[in-house]
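A.B. asks: sequence and predicted structure, then a few things I'm wondering about:
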Amino acid sequence: MRSRHAGPESAGADPEPAGSDHTGRGGRKHSGLMAWLREIAIILGVAIVLSFLIKTFLFKAFYIPSESMVPTLEENDRIFVNLFIPRNFPLHRGDVVVFKDTKGWLPPAPPASTNPVTDVLEFIGLLPDTSQQHLIKRVIGLPGDHVVCCDAGGHLTVNGQALTEPYVNPAEVPRVVPFDVTVPEGDIWVMGDNRNHSADSRYHEALQPGSGFVSLGDVEGQAAVIAWPLNRIRTLDSYPDTFKNVPAPK
């Protein structure tokens, strides 16, 4: 008898129906696409959660709407504010701070146009916060400090110590606006670096005595970094040498 040689069908696997190989590849492609989409969704979800947590507990983004802090900050700069200060760590003289306008220093804001996308991005911290009116100034006096303008040389004094202020806008000679205040407990005294263009503590104290102080409870945090535009990225200096010889308040 002639032996029969095994053909391809005898390899132990049943032949697949026509078109089955194409169907298998399509299933794998579909499964791979879904896995990729799941990974992207997870990454986006984690990024959004992290952004929200950072904005809530660590850093918050703001933009600069005016020239009151030139040359330190230019109009339309974007900054990050350190929320640990003063919530967890004390403020220092020379710190640049963002605070809520609870005393009406700013004119009433026009009604904001409703944009759900912008609102969501602001809420999670991917856009600067415009939900409330805020101001940004430099801390000159802490609670208990005696701040005076000016001595015979035209310098501010804090607790009797004259200040040399390298952060003040060198393009203009600051106008002398006399004042003599002692900062109440729980408040600070703030001034803009662009002295001739800053409606700060001096201005409001002159309008109504007692209204020039800012409550520590209104301070959002210390401005730490310029984040935008790219050519201005830098950390913000508190100029500790300017205040190192200021004695403690009596």
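C.D. replies: Structure's in. What do you need? Keep in mind it's a predicted model, so treat the numbers as computed, not measured.
A.B. asks: ok, the closest residue to residue 75 other than its chain neighbours - contacts?
C.D. replies: Leaving aside its sequence neighbours, residue 75 sits nearest to residue 67 (Cβ to Cβ, 6 or more residues apart in numbering; 5.4 Å). Yep, even glycine has a C-beta here, placed from its N, CA and C like the rest. With contact taken as Cβ atoms under 8 Å, 6 or more residues apart in numbering, residue 67 is in contact with 74-75, 194, 197.
A.B. asks: between those residues, which has the most around it?
C.D. replies: Neighbour count (other Cβ atoms under 10 Å) singles out residue 194 as the most crowded of those, with 22 neighbours.
A.B. asks: on that earlier part again, which single one of the contacts of residue 67 is nearest to residue 91?
C.D. replies: Of all the contacts of residue 67, residue 194 has the smallest distance to residue 91: 21.0 Å, by Cβ to Cβ.
A.B. asks: next, give phi and psi for that closest one.
C.D. replies: Backbone torsions of residue 194, given as degrees, to the nearest 10, read phi -90, psi 80.
A.B. asks: distance of it from residue 138?
C.D. replies: Relative to residue 138, residue 194 is positioned 10 Å away (Cβ to Cβ, to the nearest Å).
A.B. asks: and the contacts of residue 67 as CSV, adding pLDDT, secondary structure and distance to residue 206?
C.D. replies: Converted to CSV, the contacts of residue 67 look like this (pLDDT from 0 to 100; DSSP: H, G, I helix; E, B strand; the rest coil; distance: Cβ to Cβ, whole Å):
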residue, pLDDT, secondary structure, distance to residue 206
74, 96, coil, 27
75, 94, coil, 25
194, 97, coil, 18
197, 96, helix, 16
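A.B. asks: state which strand of this structure is the longest.
C.D. replies: strand 219-228 (DSSP state E).
A.B. asks: list the buried residues for that strand?
C.D. replies: 219-224, 226-227 (16 or more other Cβ atoms under 10 Å).
A.B. asks: which one of those sits closest to residue 175?
C.D. replies: Ranked by distance to residue 175 (Cβ to Cβ), the buried residues of strand 219-228 are led by residue 223 at 24.8 Å.
A.B. asks: so how far is residue 40 from the closest one?
C.D. replies: 34 Å.
A.B. asks: mind listing the helices for the protein?
C.D. replies: 20-57, 84-87, 116-124, 201-207, 240-243 (DSSP state H).
A.B. asks: can you measure across stretch 160-178, start residue to end residue?
C.D. replies: One end of stretch 160-178 sits 15 Å from the other (Cα to Cα, to the nearest Å).
A.B. asks: by average pLDDT, which secondary structure element in the chain comes out worst?
C.D. replies: One helix or strand of the chain scores below all others by mean pLDDT, DSSP states H and E: helix 116-124, with a mean of 58.
A.B. asks: now residue 139. Nearest residue, chain neighbours left out?
C.D. replies: residue 95 is the one closest to residue 139 (Cβ to Cβ, 6+ apart), at 4.8 Å.
A.B. asks: residue contacts, that neighbour?
C.D. replies: 85, 138-139, 222-223, 238.
A.B. asks: how about these, which pair is most distant?
C.D. replies: 85 and 138 (13.7 Å).
A.B. asks: looking at these two, which is more packed in?
C.D. replies: Comparing residue 85 with residue 138 by neighbour count (other Cβ under 10 Å), the higher total belongs to residue 138, at 25 against 19.
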